[in-house]
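Participant: Sequence and predicted structure, then a few things I'm wondering about:
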Amino acid sequence: MFPRIKSFKNKDGSWRHYLFLVATKRIAGRVRQVTVANFGRLEEVDKILPDVVEKLAKFSKTLRVINLSKEMSNDWVKDYGIVLIFKKIWEILGLDKYFAKARQTKKNKFDIGGLVWAMVLNRIHEPSSELSTQEWMKRVYGIKEVKDVTRLYRSLDFLIGHKEEMERYLYAAGGDLFSQDLDMVLMDTTSVVYFGEGEKADSLLDYGYSKEKRFDLKQVIVGVLMTKDGIPIGHEVYPGNTNDVTAFEHMITEVKNKFKIRRVIIVCDRGMVSEKNIQALEKQEYEYIIGMRMRQLAKDKADKILSKTDMKSLSSSLSGKEVEFEGRRLVVCFNQEEAIKDKSKREEIIARLKEKLKTQGLKSLLIHREYSKYLKIKAEKPEIDEDVIKREELFDGKFVLQSNTKFKWQDIILAYKGLWQIEACFRALKSELEMGPIYHFTERRIRAHIFICFLALILKVVFQKELLKIDKSVSVNKVLEDVKKIKAVQITLKDMPIVLRTELEGQAYKAFKAVGLKIPPRILNNPTDTPENVVVRL
């Protein structure tokens, strides 16, 4: 159907026009237009048509929406789901109560806890500098922006001033929450590069061995302590030129003094192993499980120690054995799945190397560490060293541990596997939470920035633990991505503002279940529906 104007000529030569609603129909084999409705004279149609359209619109969803849109505006869209989930974890750990008590004691005129919480959430959700966090707050529902950015920096100063106290507090909270076995501590170090100017932090910032291969930049060294269940319990920050031995000795002392653990078993990977580190452990009377550098063993000793002939099965893909070597107890583990990966990776490298030997010179290949280990020079020409390839096959899927504990060798292997968790957390700390680069130029602010990142790591680890309790097969990152899609939207309808929650997508509902939260209602105007307790008092 469509409108049509029909015109008729009057006797005096003038014209009159009528508005019709017509439809096309086939009648007796011919297409004809049939009048459905006559709305009268065109110049008078405004008197009749609006009332007709309004009545007909009641039967049309599209027209109702069109009419409604004239009285409605979309004001803003803000992140919402991520706030609810991690505010709940903040409360699970008792950090809201900790800062509330500290606020009463210090009689601060602004909400330090709210500001610290906002900076921690920023590291989890959208990592940025503290200055940029001020702008980020505008885009998050339930957290007001801070007009005076110096309050963020003053909150950082408060935080670093209470570092030891807070870590002991969180240690106790974690023990109650997870009933964890706290007699085993995993430790490792990483380097964090620094971008910025200023000389005030020269006592902390320095050049050193960069694990990020940025030797042109100053850095700091960060050591993290974790339980065997992967719960972070403490961290230390050292000057950028600190070697692992010095950091190692200080961290094991901190474990003893700060956490008062009766019996501590230190677990660390081969990157931190040296004779000095072992002596430091034995001096402190610690038990330890540490990785060994297998490739430093002489060939005849390596062949004997790494032989699979006398290994016993531990699981479908894991086997191992215990070996006495030069008065020390070693445990050898073989992982079939890792062996397949190691072999595949080596074969890919060799294949690429063979192609490059056809086109590239010796110098360009030797500076490439991945290729140079498989090369030998014969008659002044580089060629692949088959003996090295054969020796590398000996190490596929294997690792060697040294321990002075009384554990069975099977338990030692399982304990060491926990170190993979700390390494995964370091990757999260540096990539997902973007601990670096650092732009502060005073020592206390650099330390406070790293502490913010450490708190963010704790919250994320706790979320992961709680989520896996309800579904061990779930992807934590996928659930978090679904949670981040939950927005708060404000519309104004007939001069009345309304805040709505967007629909939950994917597996977002699992996040609410994991932390014990009800899914918020669709309309959020009720103050009890909003995270008002995270709003910073300006």
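Facilitator: Ah, there it is.
Participant: any idea which element the nearest residue to residue 323 once chain neighbours are set aside lies in?
Facilitator: Spatially, and ignoring its direct neighbours in sequence, residue 323 is nearest to residue 330 (4.5 Å; CB to CB, 6 or more residues apart in numbering). Backbone N, C-alpha and C define where each C-beta goes, glycine included. Using DSSP states H and E, residue 330 sits within strand 328-335.
Participant: in stretch 93-105, what's buried?
Facilitator: Using 16 or more other CB atoms under 10 Å as the test for burial, stretch 93-105 gives 93-96, 98-99, 102-103.
Participant: Helices - which of those residues land there?
Facilitator: Among these, DSSP state H puts 95-96, 98-99, 102-103 in helices.
Participant: ok, which stretches of the stretch 151-300 of the chain are helices?
Facilitator: Secondary structure of the stretch 151-300 of the chain by DSSP state H, counting those that start in this stretch: the helices cover 163-178, 244-259, 275-283, 299-305.
Participant: domain ranges for this protein?
Facilitator: Split into domains by automatic domain parsing, the chain comes to 2-70, 73-161+471-538, 163-337+396-470.
Participant: State the three-state secondary structure for the closest residue to residue 349 other than its chain neighbours.
Facilitator: Excluding the flanking residues, the one nearest residue 349 by CB to CB, 6+ apart is residue 370, at 5.8 Å. Secondary structure assignment for residue 370 (DSSP: H, G, I helix; E, B strand; the rest coil): helix.
Participant: count of neighbours near residue 370?
Facilitator: When counting by other CB atoms under 10 Å, one arrives at 11 neighbours for residue 370.
Participant: Tell me the bridge partners for the residue nearest to residue 323.
Facilitator: On the basis of DSSP bridges, residue 330 is bridged to residue 323, residue 402.
Participant: In TSV, list the buried residues of stretch 93-105 along with distance to residue 455.
Facilitator: Formatted as TSV, these follow (distance: CB to CB, whole Å):
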residue	distance to residue 455
93	9
94	13
95	8
96	13
98	11
99	12
102	15
103	17
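Participant: Okay, residue 90 and residue 155: tell me how far apart.
Facilitator: Look at residue 90 and residue 155: by CB to CB, to the nearest Å, they are 15 Å apart.
Participant: tell me which element the residue nearest to residue 346 when sequence neighbours are not counted is part of?
Facilitator: Ranked by CB to CB, 6+ apart and with sequence neighbours excluded, the top spatial neighbour of residue 346 is residue 392, at 6.1 Å. Here residue 392 sits within helix 386-393, counting by DSSP H and E.
Participant: before we move on, back to that, is it possible to export the helices of the stretch 151-300 of the chain to JSON lines including distance to residue 508, mean neighbour count and mean pLDDT?
Facilitator: Below are the helices of the stretch 151-300 of the chain laid out as JSON lines (distance: least, CB to CB, whole Å; neighbours: other CB atoms under 10 Å; pLDDT from 0 to 100):
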{"stretch": "helix 163-178", "distance to residue 508": "23", "mean neighbour count": "17", "mean pLDDT": "79"}
{"stretch": "helix 244-259", "distance to residue 508": "36", "mean neighbour count": "18", "mean pLDDT": "74"}
{"stretch": "helix 275-283", "distance to residue 508": "45", "mean neighbour count": "15", "mean pLDDT": "76"}
{"stretch": "helix 299-305", "distance to residue 508": "50", "mean neighbour count": "13", "mean pLDDT": "86"}
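Participant: and of those, who's closest to residue 79?
Facilitator: Closest of the helices of the stretch 151-300 of the chain to residue 79 is helix 163-178, at 25.7 Å (criterion: CB to CB).
Participant: Mind pulling the model confidence for the residue lying closest to residue 27 once chain neighbours are set aside?
Facilitator: In space, residue 27 comes closest to residue 34 once its chain neighbours are excluded; the distance is 7.9 Å by CB to CB, 6+ apart. Predicted confidence (pLDDT) for residue 34: 84.
Participant: can you pull the contacts of residue 34?
Facilitator: The contact partners of residue 34, by CB atoms under 8 Å, 6 or more residues apart in numbering, come to 22-25, 27.
Participant: Would you list the buried entries among the residues you listed?
Facilitator: residue 22.
Participant: Please narrow the contacts of residue 34 to those residing in strands.
Facilitator: Assignment to strands by DSSP state E places the following of those there: 22-25, 27.
Participant: following the worst-scoring helix or strand of the chain on mean pLDDT, which helix or strand shows up next?
Facilitator: Between all helices and strands in the chain, the lowest mean by mean pLDDT, DSSP states H and E belongs to helix 419-427, at a mean of 56. The element immediately downstream of helix 419-427 (helix or strand, assigned by DSSP H and E) is helix 443-470.
Participant: Restricting to C-alpha, output the helix or strand following that following helix in PDB.
Facilitator: Going down the chain from helix 443-470, the next helix or strand is helix 476-484, by DSSP H and E. Extracted C-alpha coordinates of helix 476-484, given in PDB (Å, rounded to 0.1, in the frame of the first residue of the first chain):
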ATOM      1  CA  VAL A 476      39.500 -17.200  33.300                       C
ATOM      2  CA  ASN A 477      40.500 -14.700  30.700                       C
ATOM      3  CA  LYS A 478      37.300 -15.500  28.600                       C
ATOM      4  CA  VAL A 479      35.100 -15.000  31.700                       C
ATOM      5  CA  LEU A 480      36.800 -11.700  32.400                       C
ATOM      6  CA  GLU A 481      36.300 -10.500  28.800                       C
ATOM      7  CA  ASP A 482      32.600 -11.300  29.200                       C
ATOM      8  CA  VAL A 483      32.500  -9.400  32.500                       C
ATOM      9  CA  LYS A 484      34.100  -6.400  30.900                       C
END
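Participant: what about helix 476-484, distance to the chain center?
Facilitator: Remark: helix 476-484 is offset 10 Å from the chain centroid, using CA atoms, centre = their mean, to the nearest Å.
Participant: same thing with stretch 289-296?
Facilitator: Counting by CA atoms, centre = their mean, stretch 289-296 is centred 30 Å from the centre of its parent chain.
Participant: cool, stretch 250-261 as well?
Facilitator: Distance, stretch centre to chain centre, for stretch 250-261: 28 Å (CA atoms, centre = their mean).
Participant: what comes into contact with it?
Facilitator: Contact with stretch 250-261 is made by 164, 167-168, 171, 182-183, 185, 187, 223, 225, 233-234, 236, 238, 264, 266, 280-281, 284, 286, as judged by CB under 8 Å, 6+ apart.
Participant: Give me the buried subset of those.
Facilitator: Buried positions within the contacts of stretch 250-261, assessed by neighbour count (16+ other CB under 10 Å), are 167, 171, 182, 185, 187, 223, 225, 233-234, 236, 238, 264, 266, 280-281, 286.
Participant: coming back round to it: any idea how far residue 474 is from the residue nearest to residue 323?
Facilitator: Distance of residue 330 to residue 474, computed by CB to CB: 38 Å.
Participant: Also residue 154?
Facilitator: Applying CB to CB, the value for residue 154 to residue 474 is 40 Å.
Participant: do the same with residue 130
Facilitator: Separation of residue 130 from residue 474 (CB to CB): 33 Å.
Participant: and the two? which has more neighbours close in?
Facilitator: Counted by other CB under 10 Å, residue 130 and residue 474 do not tie: residue 130 has more neighbours, with 21 against 16.
Participant: I figured the more buried one hits residue 116, correct?
Facilitator: No - using CB atoms under 8 Å, residue 130 makes no contact with residue 116, being 11.0 Å away.
Participant: ok, residue 206 touching residue 238?
Facilitator: No - contact between residue 206 and residue 238 fails when scored by CB under 8 Å: they sit 9.6 Å apart.
Participant: Tell me where the model's unsure across the stretch 101-250 of the chain.
Facilitator: Where the stretch 101-250 of the chain drops to pLDDT under 70, the residues are 104-108, 174-184, 186, 188, 191, 193-202, 209-215, 228, 244-245.
Participant: hey, where'd the strands end up in it?
Facilitator: Listed in chain order, the strands of the stretch 101-250 of the chain (DSSP state E, counting those that start in this stretch) span 184-193, 219-227, 232-239.
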